[in-house]
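> Using only what follows, build the 3D model:
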Amino acid sequence: MNDLSNYRRSYEKSELLEANIPEDPINLFNRWFHEVEDFEGSGEVNAMTVSTIGLDGFPKSRVVLLKKFSEEGFIFYTNYNSEKGKAIEANPNVCLSFFWQEMERQVIIKGIAQKTSEIISDNYFDSRPDGSKLGAIVSNQSEVIPSRVFLEEKLKELETEYSEKPILRPENWGGYLVTPLQVEFWQGRPNRLHDRIRYTSQSDFSWKIERLSS
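Residues are numbered from 1 along each chain as shown. As a prediction, this is how the structure comes out:
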């Protein structure tokens, strides 16, 4: 057995106090996102974990890239026929999680996922490099395949097929907008007395703000 009991660190880089937070979570998320983005050594700031409840009843998490956020919510793109797509179709309750180790921060978002409009999906698909467009067409995401060579050969065939014609978005590929119902911000603090602030959406479109014990 690998004993990891001595793996620990002291979190001392920042704090999260009620006196310094806005009334809605999107503004705070925006502030944190750009602070992490500007922090030296940050990787893919828009990398997030998407958790769904699968058709087998088990939760499953995977890392995807956030592509847009606004007051409406958080957008990412995927194959609608993938395992995550089928899971969302059956149960749109999802959880998004960001862990920004460089600044000792975490954001956890519970929300409802729904497909974006075709126009939004088309516009984003058109902005992608041709290789990424063809990759979306080639891959029947989450399906069993015989080998990597199988995918590479299919890609070569499509490169020839689309060499002189536009690459259009396949109907089974597009965006999801996650509308947040609850957003928790976690800031690491010394002695494990971390700051945890939770925003919960209210029926009048305001947000209830609560501090949670660490």
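
> could you check the distance from Gly43 over to Asn6?
26 Å (Cβ to Cβ, to the nearest Å). (Glycine included, C-beta is placed from N, CA and C.)

> Check Asp204 too.
In terms of Cβ to Cβ, Asp204 sits 49 Å off from Asn6.

> got the buried residues for the helix or strand containing Glu89?
According to DSSP states H and E, Glu89 maps onto helix 83-90. For helix 83-90, burial by neighbour count (16 or more other Cβ atoms under 10 Å) applies to 83-88.

> now those residues in a markdown table, with distance to Leu212?
Output for the buried residues of helix 83-90, formatted as a markdown table (distance: Cβ to Cβ, whole Å):
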| residue | distance to Leu212 |
| --- | --- |
| Glu83 | 32 |
| Lys84 | 28 |
| Gly85 | 32 |
| Lys86 | 33 |
| Ala87 | 28 |
| Ile88 | 27 |
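
> Among the residues you listed, which pair sits farthest apart?
Glu83 and Ile88 (9.8 Å; Cβ to Cβ).

> Quick check: most distant residue from the centroid of the chain.
The C-alpha centroid of the chain is most remote from Glu164, which lies 34.3 Å away (Cα atoms, centre = their mean).

> now that residue: how far from Asp130?
12 Å.

> now the helix or strand encompassing Ala136: mean pLDDT?
Assigned by DSSP H and E, Ala136 belongs to helix 130-138. The average pLDDT within helix 130-138 is 90.

> so who does the residue most central in space within the chain touch?
With distances taken as Cα atoms, centre = their mean, Met48 lies nearest the centre of the chain, 3.8 Å away. Met48 sits next to 63-66, 74, 76, 96-98 when contact means Cβ atoms under 8 Å, 6 or more residues apart in numbering.

> Please save the CA atoms from the helix or strand bottoming out on mean pLDDT in the chain in PDB.
Within the chain, no helix or strand scores below helix 148-161, which has a mean of 88 by mean pLDDT, DSSP states H and E. Output of helix 148-161 as PDB, limited to C-alpha atoms (Å, rounded to 0.1, in the frame of the first residue of the first chain):
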ATOM      1  CA  ARG A 148      -5.900   3.900 -33.100                       C
ATOM      2  CA  VAL A 149      -5.000   3.100 -36.700                       C
ATOM      3  CA  PHE A 150      -8.700   2.800 -37.400                       C
ATOM      4  CA  LEU A 151      -9.200   6.500 -36.400                       C
ATOM      5  CA  GLU A 152      -6.200   7.700 -38.300                       C
ATOM      6  CA  GLU A 153      -7.200   6.000 -41.500                       C
ATOM      7  CA  LYS A 154     -10.700   7.500 -41.200                       C
ATOM      8  CA  LEU A 155      -9.200  10.900 -40.700                       C
ATOM      9  CA  LYS A 156      -7.100  10.500 -43.900                       C
ATOM     10  CA  GLU A 157     -10.200   9.600 -45.800                       C
ATOM     11  CA  LEU A 158     -12.000  12.700 -44.600                       C
ATOM     12  CA  GLU A 159      -9.000  14.900 -45.300                       C
ATOM     13  CA  THR A 160      -9.300  13.900 -48.900                       C
ATOM     14  CA  GLU A 161     -13.100  14.100 -49.000                       C
END
